[in-house]
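Chemist: Structure for the following, please:
(one chain, ligands or ions: 1)
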Amino acid sequence: AAAAQQQQRQQHVAVVGCGVNGLCTAWQLLERGHRVTLLEQFPVPHSRGSSHGHSRITRYAYKEAEYARLMRRAFPLWSRLESLSGQRLFINCGMASLGSGAYLRNISEVLESNSMPLERLSGQSLASRFPRLAGFRDCVLDPSAGILLADRCLQTLRSRVAQLGGRLRDCVRVTAIEPQPDGSVRLRLSGSGTAAAASAEELTADSVVLAAGAWAGQLLSGLGLDLPLRPIGVTAMYWRLRRADGAAVTGDFRPEKFPTFVYEDEKLHVYGLPELEYPDMVKASICMHDGPDLDPDIRESREQREPYYLPELADFVKRWFPDLVPEPAVTEKCIYTLTPDSGLIVDRHPSHRNIVFVCGCSGHGFKLGPAIGQLLSEMATGQPPSQDLAFMSAGRFKHGVTSAKL
Ligand SMILES: Cc1cc2nc3c(=O)[nH]c(=O)nc-3n(C[C@H](O)[C@H](O)[C@H](O)COP(=O)(O)OP(=O)(O)OC[C@H]3O[C@@H](n4cnc5c(N)ncnc54)[C@H](O)[C@@H]3O)c2cc1C
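Modeler: Residues are numbered from 1 along each chain as shown. Below you'll find the predicted structure:
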């Protein structure tokens, strides 16, 4: 057993991608005593992937019980990172589920059947607790939910990885992953950005974790896996409070008075966060889970430059938040990688068990990062994952795995 443990300690894992998933996986691997090289194509930090930005919603309130249960693993790991670092990473402002009766019933059922806390608020109690949600008749509140301070989480993860001896190499792009006859894996690297001078190079590791976000499809197809991944451009929008002639800023969009929310009905899926990013102005960010297809390597495409914005969203703002100007005041770009069922893919290569991957986070992967990192760290080092991952398997898409050439 001691020899087996020693063997575990000696594994060298290459992690591709320095977003939340790559960093969380590196953290978990290093805590288990493995050696880690993290490879990132852009200079770190950067805003070209999916993880950057000030805030992300975190919650148990999922329609799918499996993801709610995954959060049981993620919440304590985020808290652990907070206490290890002494950094505040989480604001516990709760999350209001709003919208159709069917949606609210679904959320309550998942929370109740998993013994997760919830509160039902309607009418007077909703209006007095959250004045800006007074227009809604019913709400299921997830009181454990709130906001992860995303950029600070990434910075804290990078520090933790460095503290534990992980090696982060940025401006290095992985161009190919080649399983070797001896069971190791060779990665072909090319310098990019400021390190363009660094010519072609390679790195050999015992196993590889692919956490490449919107670029995952390219790397996986080189390994014979064609997964149904669809990178899209999304726009986060911030809305300004109408001010009648110097009227006082009320502060009631602050996290103390305004929770994060997800509104869902038959037609719309909208989420919102309290005022945080621009403290000098009262704003709420509201955006939709949709956008135009994009190639993540073509940064300056028209779709990327122009905010993606539907008239339905302005109607939503006019109807439910009449004190906001129904045109966004600030817009910010980001990428989602969607799967057909909006669930993540976490799996291993069918022929090369030491190549494992996460992709297709479909706009809800940040909060799950530490849980995914823990499971990938187990899989990459030859342990069975400590949770059944069938709901995130690549094989659930019948036509998803078209070939495993290697
Ligand atoms: C506007 C917006 C709002 C969101 N809101 C929420 C929310 O409220 N709650 C929530 O939980 N989630 C949310 N998400 C989703 C969440 O942020 C993402 O699911 C998550 O960040 C994905 O992380 P990742 O590490 O998989 O990908 P990324 O952060 O994109 O990281 C992948 C990294 O891999 C690098 N890379 C790719 N290919 C290579 C290569 N060949 N060589 C070297 N490096 C490579 C990339 O440069 C990149 O840095 C939101 C996303 C956006 C865009």
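
Chemist: only C-alpha atoms for contact and neighbour calcs from this point on.
Modeler: Noted.

Chemist: For the stretch 101-250 of the chain, which segments are assigned as strands?
Modeler: 119-122, 138-142, 146-149, 167-169, 172-179, 185-191, 201-205, 207-210, 230-240 (DSSP state E, counting those that start in this stretch).

Chemist: Write out the residues of this protein neighbouring the ligand.
Modeler: 16-22, 39-42, 49-51, 56-58, 172-175, 211-215, 236, 334-336, 359, 361-367 (Cα under 6 Å from any ligand atom).

Chemist: got CSV for the strands of the stretch 101-250 of the chain, with mean pLDDT and mean neighbour count too?
Modeler: CSV is the format used below for the strands of the stretch 101-250 of the chain (pLDDT from 0 to 100; neighbours: other Cα atoms under 10 Å):
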stretch, mean pLDDT, mean neighbour count
strand 119-122, 96, 14
strand 138-142, 97, 24
strand 146-149, 97, 23
strand 167-169, 97, 18
strand 172-179, 96, 20
strand 185-191, 94, 20
strand 201-205, 96, 15
strand 207-210, 98, 27
strand 230-240, 87, 23
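
Chemist: In JSON lines: those strands, plus distance to residue 222.
Modeler: Converted to JSON lines, the strands of the stretch 101-250 of the chain look like this (distance: least, Cα to Cα, whole Å):
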{"stretch": "strand 119-122", "distance to residue 222": "48"}
{"stretch": "strand 138-142", "distance to residue 222": "42"}
{"stretch": "strand 146-149", "distance to residue 222": "34"}
{"stretch": "strand 167-169", "distance to residue 222": "22"}
{"stretch": "strand 172-179", "distance to residue 222": "7"}
{"stretch": "strand 185-191", "distance to residue 222": "12"}
{"stretch": "strand 201-205", "distance to residue 222": "16"}
{"stretch": "strand 207-210", "distance to residue 222": "12"}
{"stretch": "strand 230-240", "distance to residue 222": "17"}
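
Chemist: Beyond the helix or strand of the chain with the lowest mean pLDDT, next helix or strand please.
Modeler: One helix or strand of the chain scores below all others by mean pLDDT, DSSP states H and E: helix 2-9, with a mean of 52. The helix or strand immediately downstream of helix 2-9 is strand 12-16, counting by DSSP states H and E.

Chemist: Touching, residue 38 and residue 19? I think so.
Modeler: No. Residue 38 is beyond contact range of residue 19, at 10.4 Å (criterion: Cα atoms under 8 Å).

Chemist: the helices in the stretch 151-300 of the chain, which residues?
Modeler: For the stretch 151-300 of the chain, helices defined by DSSP state H, counting those that start in this stretch occupy the ranges 216-222.

Chemist: Show me which of the residues of the chain next to the ligand are buried.
Modeler: Those of the residues of the chain next to the ligand that meet the buried threshold are 16-22, 39-42, 49-51, 56-58, 172-174, 211-215, 236, 334-336, 359, 361-367, by 16 or more other Cα atoms under 10 Å.

Chemist: Let me know the secondary structure of residue 315.
Modeler: helix (DSSP: H, G, I helix; E, B strand; the rest coil).

Chemist: what pLDDT does it get?
Modeler: Residue 315 is assigned 90 on the pLDDT scale.

Chemist: and residue 63, how many neighbours does it have?
Modeler: For residue 63, the neighbour count with other Cα atoms under 10 Å is 17.

Chemist: now swap in residue 398 and tell me
Modeler: When neighbours are defined as other Cα under 10 Å, residue 398 has 8 of them.

Chemist: ok, now how distant is it from residue 362?
Modeler: Distance, residue 398 to residue 362, by Cα to Cα, to the nearest Å: 19 Å.

Chemist: can you check residue 337 too?
Modeler: On the measure of Cα to Cα, residue 337 and residue 362 end up 5 Å apart.

Chemist: Verify the stated contact: residue 361 with residue 338.
Modeler: Yes. Using Cα under 8 Å, residue 361 is in contact with residue 338, at 6.6 Å.

Chemist: Out of the strands of the stretch 101-250 of the chain, which gets nearest to residue 254?
Modeler: Nearest to residue 254, of all these, is strand 146-149, at 12.1 Å by Cα to Cα.

Chemist: If you count contacts, what does the closest one end up packed against?
Modeler: Counting by 3 or more Cα pairs under 8 Å, 6 or more residues apart in numbering; DSSP states H and E, the packing neighbours recorded for strand 146-149 are strand 55-58, strand 90-91.

Chemist: Contacts for it, please.
Modeler: With contact meaning Cα atoms under 8 Å, 6 or more residues apart in numbering, strand 146-149 is reached by 54-59, 89-95, 259-260, 367.

Chemist: Which of the residues you listed are buried, as a ChimeraX select command?
Modeler: Selection of buried members from these for ChimeraX, criterion 16+ other Cα under 10 Å:
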select :55,56,57,58,59,89,90,91,92,93,94,95,259,260,367
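
Chemist: Between the contacts of strand 146-149, which sits nearest residue 73?
Modeler: Among the contacts of strand 146-149, residue 367 lies closest to residue 73 (Cα to Cα), at 10.5 Å.

Chemist: which SSE is the closest one in?
Modeler: Short version: residue 367 belongs to no helix or strand, going by DSSP H and E.

Chemist: Quick check: the gap between it and residue 146.
Modeler: On the measure of Cα to Cα, residue 367 and residue 146 end up 10 Å apart.

Chemist: Need the overlap of contacts for those two.
Modeler: 57, 58, 59.

Chemist: Show me this structure divided up by domain.
Modeler: 2-51+152-228+341-396, 95-143+230-338 (automatic domain parsing).

Chemist: Can you tell me which of those domains is most buried?
Modeler: Highest mean neighbour count among the domains of the chain (mean count of other Cα atoms under 10 Å): domain 2-51+152-228+341-396, with a mean of 20.

Chemist: gap between that domain and the chain center?
Modeler: Once both centres are worked out by Cα atoms, centre = their mean, to the nearest Å, domain 2-51+152-228+341-396 turns out to sit 15 Å from its chain's centre.

Chemist: Over to stretch 325-334?
Modeler: Using Cα atoms, centre = their mean, the offset of stretch 325-334 from its chain centre is 21 Å.

Chemist: And that stretch, end to end?
Modeler: End residues of stretch 325-334 are separated by 23 Å (Cα to Cα).

Chemist: any residues touching it, and which ones?
Modeler: Here stretch 325-334 makes contact (Cα under 8 Å, 6+ apart) with 47-50, 233-242, 304, 307, 314-315, 317-318.
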